[in-house]
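*Asks:* Got a sequence here, can you model it:
(chains A and B)
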2 protein chains.
Amino acid sequence: MKHGGDLTEAIAHYGGAPEMWLDLSTGINPWPWPIPQLPNDVWTRLPSRTDDAALIAAARYAYRVPDDVAIAIAPGTQSLIQWLPRLANPGTVAIAGPTYSEHAIAWQEAGHNAIAFEPTNALPHAVRHAVVVNPNNPDGRVIDRATLIRIARETRARGGWLVIDEAFADLDPDISAVALCRELPVILLRSFGKFFGLAGLRLGFAIASPKIAEAIGAALGPWPCSGPALAIGRAALLDAPWAGRTRTALKRQAEKLDAVLAGAGWSIAGGTTLFRLARHPEARLLHATLARNHIWCRSFDWADDLLRFGLPSDDAGLDRLAKALQSRP
Amino acid sequence: MKHGGDLTEAIAHYGGAPEMWLDLSTGINPWPWPIPQLPNDVWTRLPSRTDDAALIAAARYAYRVPDDVAIAIAPGTQSLIQWLPRLANPGTVAIAGPTYSEHAIAWQEAGHNAIAFEPTNALPHAVRHAVVVNPNNPDGRVIDRATLIRIARETRARGGWLVIDEAFADLDPDISAVALCRELPVILLRSFGKFFGLAGLRLGFAIASPKIAEAIGAALGPWPCSGPALAIGRAALLDAPWAGRTRTALKRQAEKLDAVLAGAGWSIAGGTTLFRLARHPEARLLHATLARNHIWCRSFDWADDLLRFGLPSDDAGLDRLAKALQSRP
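*Replies:* The predicted structure is shown next:
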């Protein structure tokens, strides 16, 4: 299973209708920002430059982006992950792993050599670019600021970029390395859909120096984002009270999920408050057991003893998971 | 004015609130396909491969795509226009012009040399790829099938592609060159938003051989289209009765628009039933006159005597245009 959030494979193997499944395979907030009634023209007319500018202003506020750092908008950060390797100078990329697999796929597809690296060590000599997911998916590891600055300086000296995928940084905004974009060739990726629980909307941002952001914007071309994404993204990113309440609620729910997992003999190996990485010697077997109970979580081809669990939206989901974890294979 | 459909510039120069403007600068159907109530999960969850497959099946039906020809989905054909030059072999592209300007911009941005060509002549020797918009925007010219086959064979002999942008082919489906994709390196672009009047949705298709479509799909990566675009696109593309009624209604409205223009001393120079290209010796001056009346249409930097008019949605709009065309500068 390469990705979470797609029941197609689960249903093909284990049957059932989509609504029978408890889908814990994603890192998406189960309590979405409430979408208001949308004006009809977000559907009918082409988005205008005024719409783009309003969304960018909201993102600047939410992500605390300084005035001298720029923002490019995109239909999901995945589309930025696809484009960045095409715009980067030729050269090997080092990716701190294990992590979200699409980074390596996209750099390789664009003709770069991709290797794994350990961020606390010096960047290998043959490497020009680096990619880190911070906090990391699936283990939640956070790389400290001094290390990021060191890596960014190493990539700068080699004409490369440091891509920092902050898909899960909304949960703890102080993690964001946005200040680094000023002086260093750092590109931050911010995902709208995960924290706001609106993954179907397809909205993401690249934050970088004006020169880099302009190159990204030119590559994506005009009208990259849908009218609904522009309208909803703008309003949601300005809703600081909702964001504050949501951070608190997610933290509480993650603690409840940890309790369920611990109660079933799992140890918590990491995660963020949108997903938990848990360890059990029989994890692989239990993934199948859960699936037969129509509960879908993420397994990894690089670890037999780990599963990743997204947050159930309510106590019924927590109870259902708890019961299924006790059932015999 | 590079594009239609963006009142930002109009308002900056001529004032007024967006709702005061009669925007005739686009080629978008003013009577959109009626969007039903959407299930909540199109917003919240990541689109699945099942969703993608259902949309592709609907596009296959609407665009009459044979089984051995493939379809790649995208958040608007503009995103495909951005990607194709990055995936094409190096070499000069010939673009039948004047036409939609973003093709040349995208090929040049990707490092190709772009030249203009006349499709009825043999493709110039130095050229590898060709792009035609068929029917063409803004003049509505339709290139016949034999000519398209000849150009496609010329590009094939040189390891190139023929891109046929069929953004306005919905109006007369028999125009589509979809059968050519079987044996020739032809990539068709189909735009959802124009004919269905839902340009804010951002949805488009590339139709090509399985090998080419797969390369396009890999470049765009997973989840290229939003949940709402997948749900709405699927239902709308299967609505053949609506499409039939709409073709008739657009034809009638285009005739009414022609009558208004002719009554004001303009001659019709071409167009499709979504926009009319009209000629007047004082076109440039009248563009400003209309703008002072908060009517926005398209002018061209390559012709002083031409303007392009989209369809007003009702008789009030036609009357307003008729009156403004009579007013003194």
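
*Asks:* list the buried ones in stretch A:49-56?
*Replies:* Buried positions in stretch A:49-56, judged by neighbour count with 16 or more other C-beta atoms under 10 Å in any protein chain shown: A:50-52, A:54-56. From N, CA and C alone the C-beta is placed, and that goes for glycine too.

*Asks:* To what extent is A:R182 buried, counted in neighbours?
*Replies:* 12 (other C-beta atoms under 10 Å in any protein chain shown).

*Asks:* and if you look at A:I105?
*Replies:* A:I105 sits with 18 neighbouring residues when counted by other C-beta under 10 Å.

*Asks:* Could you say whether it sits in a helix, a strand or coil?
*Replies:* Recorded secondary structure, A:I105: helix (DSSP: H, G, I helix; E, B strand; the rest coil).

*Asks:* Per-residue pLDDT of the residue positioned nearest the centre of chain A, please?
*Replies:* Central residue of chain A (C-alpha atoms, centre = their mean): A:A167, 3.2 Å from the mean position. If you check A:A167, the pLDDT there is 97.

*Asks:* quick one: it from chain B, how far?
*Replies:* Between A:A167 and chain B the computed distance is 13 Å (C-beta to the nearest C-beta, to the nearest Å).

*Asks:* what do you get for A:T77?
*Replies:* Remark: distance between A:T77 and chain B (C-beta to the nearest C-beta) = 10 Å.

*Asks:* So what does the closest residue to that residue other than its chain neighbours look like in phi/psi?
*Replies:* What sits nearest to A:T77 in space, not counting adjacent residues and going by C-beta to C-beta, 6 or more residues apart in numbering or on different chains, is A:G204, at 3.3 Å. Main-chain dihedrals, A:G204, degrees, to the nearest 10: phi -150, psi 170.

*Asks:* A:G204 against A:G76, yeah?
*Replies:* Yes - taking contacts as C-beta atoms under 8 Å, A:G204 lies within contact range of A:G76: 4.8 Å.

*Asks:* hang on, the earlier thing: quick one: the residue nearest to A:T77 from A:L55, how far?
*Replies:* 11 Å (C-beta to C-beta, to the nearest Å).

*Asks:* same check, this time on A:H294
*Replies:* From A:H294 across to A:L55, the span is 38 Å (C-beta to C-beta).

*Asks:* before we move on, what about A:L286?
*Replies:* For A:L286, the distance to A:L55 - C-beta to C-beta - is 42 Å.

*Asks:* and the stretch 201-329 of chain A, which of its residues are near chain B?
*Replies:* Near chain B, the residues belonging to the stretch 201-329 of chain A are A:201-202, A:218-229 when assessed by C-beta under 8 Å from any C-beta of the partner chain.

*Asks:* Could you list the low-pLDDT ranges of chain A?
*Replies:* Judged by pLDDT under 70, chain A has its weakly predicted residues at A:1-5, A:328-329.

*Asks:* Which parts of it are helices?
*Replies:* Assigned by DSSP state H, chain A shows helices spanning A:7-14, A:41-44, A:49-62, A:77-87, A:102-109, A:145-157, A:193-196, A:210-220, A:227-237, A:240-263, A:283-292, A:315-326.

*Asks:* Now A:A322. Nearest residue, chain neighbours left out?
*Replies:* Closest residue to A:A322 apart from its sequence neighbours, by C-beta to C-beta, 6+ apart: A:V260 at 4.7 Å.

*Asks:* got a list of what the one you found touches?
*Replies:* By C-beta atoms under 8 Å, 6 or more residues apart in numbering or on different chains, the residues touching A:V260 are A:318, A:321-322, A:325.

*Asks:* coming back round to it: which residues are common contacts for A:G204 and A:G76?
*Replies:* Both A:G204 and A:G76 are contacted by A:191, A:193, under the criterion C-beta under 8 Å, 6+ apart.

*Asks:* Now do the contacts for the nearest residue to A:A218 once chain neighbours are set aside.
*Replies:* Leaving aside its sequence neighbours, A:A218 sits nearest to B:E109 (C-beta to C-beta, 6+ apart; 6.1 Å). Shown in contact with B:E109 (C-beta under 8 Å, 6+ apart): A:218-219, B:85.

*Asks:* what's the answer for A:T99, then?
*Replies:* So A:T99 contacts A:132-133, A:136-138 (C-beta under 8 Å, 6+ apart).

*Asks:* ok, now how distant is it from B:I207?
*Replies:* The gap separating A:T99 from B:I207 is 35 Å, by C-beta to C-beta.

*Asks:* A:S191 too?
*Replies:* 30 Å.

*Asks:* Same drill for these two, tell me which one is more crowded.
*Replies:* Neighbour comparison, A:S191 and B:I207: the larger count goes to B:I207, with 28 against 23 (by other C-beta under 10 Å).

*Asks:* what about the closest residue to A:I295 other than its chain neighbours, how many neighbours?
*Replies:* Counting by C-beta to C-beta, 6+ apart, A:I295 lies nearest to A:L22, which is 4.6 Å off, once chain neighbours are set aside. Neighbour count for A:L22, taken as other C-beta under 10 Å: 20.

*Asks:* again, but for A:A126
*Replies:* 11.

*Asks:* wait, A:G111 sits on A:G91?
*Replies:* No - assessed by C-beta under 8 Å, A:G111 is found out of contact with A:G91, at 10.2 Å.

*Asks:* Pull up the gap between the closest residue to A:S209 other than its chain neighbours and chain B, please.
*Replies:* Nearest residue to A:S209, sequence neighbours excluded (C-beta to C-beta, 6+ apart): A:C181, at 5.9 Å. Per C-beta to the nearest C-beta, A:C181 is found 23 Å from chain B.
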